[in-house]
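Engineer: got a sequence here, can you model it:
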Amino acid sequence: MNTEQTVLEVSGVEITKTLLGDLQKLQQYTGEPIAAVYADNLLRTMRKLCDKLPFDPYTEVVMALHDALFFQNRWIDYNANQYKGVCELLTSLVNQKNINNSSVESAILTLENLGFDTLPFGVNIDDNLDTNEDEE
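Structural biologist: Numbering: from 1, shown residues only. Next up is the predicted model:
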């Protein structure tokens, strides 16, 4: 194990501890005004993880959650059980030796199954587009 890998693992673990702390506070204070403070901290920490480890598979999962929480302030709409599920998911994910594409897909599917919309910034495609416009 090289030094760079060790530093990345340590920072990923440290960031996860911060994420889990804010998620637990969100879980505890769901529906109360103070929850906004923890949601703000959580979203900032998620972006920090993205800045530090942009290509890490774990970051992909965290950013899927970020989008689900951030879009139209939907963090307000989720309940304590959903936040508890996220804590369990992130804990199990960060404890894996290697996170591969299959792990990422499974984790994002788990988020969806918990009720988080991980693709809120969807693109609408017009099904009525005529691709043969030039032909008459």
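Engineer: so which strand or helix has Asp117?
Structural biologist: Applying DSSP states H and E as the criterion places Asp117 outside every helix and strand.
Engineer: surely it and Asp77 touch.
Structural biologist: No - counting by C-beta atoms under 8 Å, Asp117 does not reach Asp77; the two are 9.7 Å apart. Using the backbone N, CA and C atoms, a C-beta is placed for each residue, glycine as well.
Engineer: the more surrounded of the two?
Structural biologist: Neighbour totals were compared for Asp117 and Asp77, and Asp117 leads with 17 against 14 (other C-beta atoms under 10 Å).
Engineer: excluding covalently adjacent residues, which one is nearest to the more buried one?
Structural biologist: Excluding the flanking residues, the one nearest Asp117 by C-beta to C-beta, 6 or more residues apart in numbering is Ala68, at 5.3 Å.
Engineer: mind giving me the packing neighbours of the helix or strand where that neighbour lies?
Structural biologist: Here Ala68, judged by DSSP H and E, is contained in helix 57-70. Where contact means 3 or more C-beta pairs under 8 Å, 6 or more residues apart in numbering; DSSP states H and E, helix 57-70 is packed against helix 35-52, helix 80-94, helix 101-113.
Engineer: which one of those lies nearest to Leu23?
Structural biologist: Among those, the nearest to Leu23 by C-beta to C-beta is helix 80-94 (5.0 Å).
Engineer: that closest one to helix 57-70, inter-axis angle?
Structural biologist: Counting by axes from the mean of the first three to the mean of the last three C-alpha atoms, to 10 degrees, helix 80-94 lies at 170 degrees to helix 57-70.
Engineer: for helix 80-94, list the C-alpha coordinates in PDB.
Structural biologist: Extracted in PDB, the C-alpha atoms of helix 80-94 (Å, rounded to 0.1, in the frame of the first residue of the first chain):
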ATOM      1  CA  ALA A  80     -35.600   9.400  10.200                       C
ATOM      2  CA  ASN A  81     -35.800   5.800   8.900                       C
ATOM      3  CA  GLN A  82     -34.500   6.800   5.500                       C
ATOM      4  CA  TYR A  83     -31.600   8.700   7.100                       C
ATOM      5  CA  LYS A  84     -30.900   5.600   9.300                       C
ATOM      6  CA  GLY A  85     -30.800   3.500   6.100                       C
ATOM      7  CA  VAL A  86     -28.300   5.800   4.500                       C
ATOM      8  CA  CYS A  87     -26.100   5.600   7.600                       C
ATOM      9  CA  GLU A  88     -26.100   1.900   7.500                       C
ATOM     10  CA  LEU A  89     -25.400   1.900   3.700                       C
ATOM     11  CA  LEU A  90     -22.500   4.300   3.900                       C
ATOM     12  CA  THR A  91     -21.000   2.400   6.900                       C
ATOM     13  CA  SER A  92     -21.100  -0.900   5.100                       C
ATOM     14  CA  LEU A  93     -19.800   0.700   1.900                       C
ATOM     15  CA  VAL A  94     -16.800   2.500   3.500                       C
END
